[in-house]
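Visitor: Have a look; sequence and predicted model below, questions after that.
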Amino acid sequence: MEYLLAVVLFAVSSSVTPGPNNIMVMTSGVNFGIKKSLPLLTGICVGFTIMLLMVGLGFSELFELFPSLHFIIKCVGVVYLLYLAYLIAGSSTSVESKHQTQPFTFMKGALFQWVNAKAWIVATGAIAAFTTTGASFLSQNLMIALTFFLVSFPCVGVWLLFGSVLKKLLNSERYKKCFNLVMSGLLVLSVLPVLGEIVDQLV
């Protein structure tokens, strides 16, 4: 029981704290509302659960064997996050917008986990901290993945709800533009530590 509680607390704290997933969901809530943002929310939760299972089933060992693969994924992730920041900065409900005029889809939310630095840190941390080698490893991995799946919906969903509430307050295109620029800036800030790691590895 104490073990399960520890996993739940870890899942809640890592899912509800600010990060690329939550910034994306809140921004989508502001610009497109709850209903149109539900596929993105679902994609994030399902995608991270699958990623967690894959990490537990051997991705961590693969990265130990081929460290350059992890470095490549990290570089691609930083570039993609910066691209998302650009899209968010230009998000608009106006049809004339040349940037993001539609919310991200389920598939984009799911695939995004593979280039999300925070998702990698949480996934590898969860597997390392809450599993032990032996016959029960698979059941432990499944239990951790299921816990994150159940916990992530309300934790990430809070950010979507918050974004929807803000949508009513930001009742002009100008206010929404300012909000999107702030969210874009926060996303860029979340990338900086990973960018620092990449620079250190290259130097």
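Guide: Thanks, I have it.
Visitor: Residue 32 and residue 88: what is the separation?
Guide: 12 Å (CB to CB, to the nearest Å). Placement of C-beta: from N, CA and C, glycine included.
Visitor: More neighbours: which of the two?
Guide: More crowded of residue 32 and residue 88, by other CB atoms under 10 Å: residue 88, with 26 against 21.
Visitor: hang on, the more buried one packs against residue 27?
Guide: Yes. Contact criterion CB atoms under 8 Å: residue 88 and residue 27 qualify, at 5.2 Å.
Visitor: list the residues that contact both of those two?
Guide: Residues touching both residue 88 and residue 27 (CB atoms under 8 Å, 6 or more residues apart in numbering): 180, 183.
Visitor: for stretch 5-19, which positions count as buried?
Guide: Buried residues in stretch 5-19, counted by 16 or more other CB atoms under 10 Å: 7, 10, 11, 12, 14, 15, 16, 19.
Visitor: Can you name the residues that contact the fourth one?
Guide: Which is residue 12. With CB under 8 Å, 6+ apart, residue 12 has these contacts: 151, 155.
Visitor: And the helix or strand that residue 177 is a member of, what does it pack against?
Guide: Remark: residue 177 resides in helix 173-202, with elements defined by DSSP states H and E. Counting contacts by 3 or more CB pairs under 8 Å, 6 or more residues apart in numbering; DSSP states H and E, helix 173-202 packs against helix 20-54, helix 67-89, helix 117-130.
Visitor: If we use 6 Å, what do you get?
Guide: When contacts are defined as 3 or more CB pairs under 6 Å, 6 or more residues apart in numbering; DSSP states H and E, helix 173-202 packs onto helix 20-54, helix 67-89.
Visitor: Could you tell me the angle between the last one and helix 173-202?
Guide: In this structure, helix 67-89 runs at an angle of 160 degrees to helix 173-202, with axes from the mean of the first three to the mean of the last three CA atoms, to 10 degrees as the basis.
Visitor: what's the average pLDDT for helix 67-89?
Guide: The average pLDDT within helix 67-89 is 76.
Visitor: returning to that earlier point: tell me which of the helices and strands packed on helix 173-202 sits nearest to residue 118.
Guide: helix 20-54 (6.1 Å; CB to CB).
Visitor: what comes up buried for that closest one?
Guide: Using 16+ other CB under 10 Å as the test for burial, helix 20-54 gives 20-34, 37-49, 51-54.
Visitor: What are the buried residues along the helix holding residue 177?
Guide: In helix 173-202, counting by 16+ other CB under 10 Å, buried: 176-177, 179-180, 183-184, 186-188, 190-191, 194-195, 198.
Visitor: what separates that helix from the chain centre, distance-wise?
Guide: 14 Å (CA atoms, centre = their mean, to the nearest Å).
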